[in-house]
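> next one to model:
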Amino acid sequence: MPTPTRPPFAPLANPVRAYAWGSGTAIPALTRTPPTGEPQAELWMGAHPSAPSLRDDGAGPRPLDRLIAEDPEGELGPDAVKRFGPQLPFLFKVLAAERALSLQVHPSRAQAEAGFAAEEARGIPLDAPQRTFRDRGHKPELICALGDFEALCGFRPVSDTAGLLDALAVPLLTPWATALRHRPAEEVLPAMLRHVLEDVRPGPAELAAVAGALRRVAADGGPYAAACAAYARAARDYPGDPGLVAALLLNHVRLRAGQALALGAGVPHAYLHGLGVELMANSDNVLRCGLTAKHIDVDGLLAVTSFRTGEPRVLTASPAGPCVAPPDGPGAVDAAGEGIEEVFPSPAEEFRLSRLRPAAAPARVDLAAPQILLCTAGRARLRSATGHTLDLLPGGSAYLRPSGEPVTLDGAGAELFRATTG
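Below you'll find the model as predicted:
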């Protein structure tokens, strides 16, 4: 009796991370599951060893990281194994923030390798609270909004920051506004961070005065009103946290559905509120600078942070370039060539994020690299040349291994996000 052909795709069951800042309703609404009463902050899709997805090929669910470890080239393809080793190089998420995440910065690859080696030499356990570098990797990431989304990203232009500090008019901040007008930003900004995070650490009364000023400026309207409203919410959610002052230095960004931000090494950022899909390199290296109870390594933070100032670039997707190979099967069209696939620009080699909007005719899905498909609207269907099918509803996802077998996608009106290697 012949062995049944294994399809090149299979559904994923994905773990939910219940971090305190998460929304209790946004992910359940997307996945059409009942709320648990707990915050559901992140839905993880991938093979991260701390919380891998489960994939079911028909013989029961198994952790994706174990399946990859057993057959790296079969699950990832020879090219991906050669480039990234025997592991999926990205982690795909749905992120649902009800309140601000910690302010954070990620190191470059060289910084991560040096920091990891130094902490290993000092004998700091990998799970120690004061451990900063938990692996040797960098962590570029990209966030795409699924609705209205707020974030902080990069240091604001100096004149705007000085103007904001003047508008707040509190003794803790006024000297820094003067310093920013008369000294280089790359000198003042790190000094200000060290001052509030380590040297002085402003007390409850000083931070309460900042919070009160934020509420006043937000209520008065004007150019800083929206940003101050966001900072005031962070002050309410993290009372007494000196990282509030660090937050004031960063651009306040509001994204609409389909808009994205790319976060490279050294860029301070925090997500404040909203639902989005996030794609990142598979690393745990984070240096925090506030809005958190976790360890803050001030020296490490200042060493990896970029103190360049300016407004962040808000990204939108552009049509993918046409595939070289012709479409497979009668009536099929190529997803890229027909413009149903739009790609978000990112320099990261570990990942590529695109959005798929199937048209009336089936579209071929390129299986040259490992990938995860996530449905966010409508109903989509994958079909293999051997007759296997998989329906994806909102919140549903599938892992597609590299294969020479043609696969088509249809579902007019559906929306999917595709995570694959760069």
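
> can you show me the strands along the stretch 301-422 of the chain?
Here the stretch 301-422 of the chain has its strands, by DSSP state E, counting those that start in this stretch, at 318-319, 333-334, 341-344, 352-356, 363-364, 371-377, 380-384, 389-392, 397-400, 407-410, 415-420.

> same question, the stretch 51-200 of the chain
In the stretch 51-200 of the chain, the strands defined using DSSP E, counting those that start in this stretch lie at 54-56, 61-63, 90-97, 103-105, 141-145, 149-155.

> which parts of the first one are buried?
When you say that, I think you mean strand 54-56. Residues of strand 54-56 classed as buried by neighbour count (16 or more other C-beta atoms under 10 Å): 54-55. For the C-beta atoms, the positions are set from N, CA and C on the backbone; glycine is no exception.

> tell me the mean pLDDT for it?
Taken as a whole, strand 54-56 has an average pLDDT of 95.

> in this protein, what secondary structure element scores lowest on mean pLDDT?
Within the chain, confidence by mean pLDDT, DSSP states H and E is lowest for strand 333-334 among all helices and strands, at a mean of 52.

> mind checking the SS state of Ile27?
State at Ile27, reduced to three classes by DSSP: H, G, I helix; E, B strand; the rest coil: helix.

> and it, how many neighbours does it have?
Using other C-beta atoms under 10 Å, Ile27 has 24 other residues around it.

> ok, for it, nearest residue in space, not its chain neighbours?
Spatially, and ignoring its direct neighbours in sequence, Ile27 is nearest to Gln40 (4.3 Å; C-beta to C-beta, 6 or more residues apart in numbering).

> which pLDDT value belongs to the one you found?
If you check Gln40, the pLDDT there is 97.

> return the residues in contact with it.
Gln40 sits next to 16-18, 22-24, 26-28, 96 when contact means C-beta atoms under 8 Å, 6 or more residues apart in numbering.

> could I get the full set of helices for the protein?
26-31, 64-70, 72-76, 78-84, 109-121, 158-168, 174-182, 185-194, 204-220, 225-237, 243-247, 298-304 (DSSP state H).

> ok, how many other residues are close to the closest residue in space to Leu164 that isn't next to it in sequence?
Nearest non-adjacent residue to Leu164, counting by C-beta to C-beta, 6+ apart: Tyr224, 5.1 Å away. Number of residues near Tyr224 (other C-beta under 10 Å) recorded here: 22.

> now do the one 4 residues further on
Counted with other C-beta under 10 Å, the burial measure for Cys228 works out to 25 neighbours.

> no more questions from me, cheers.
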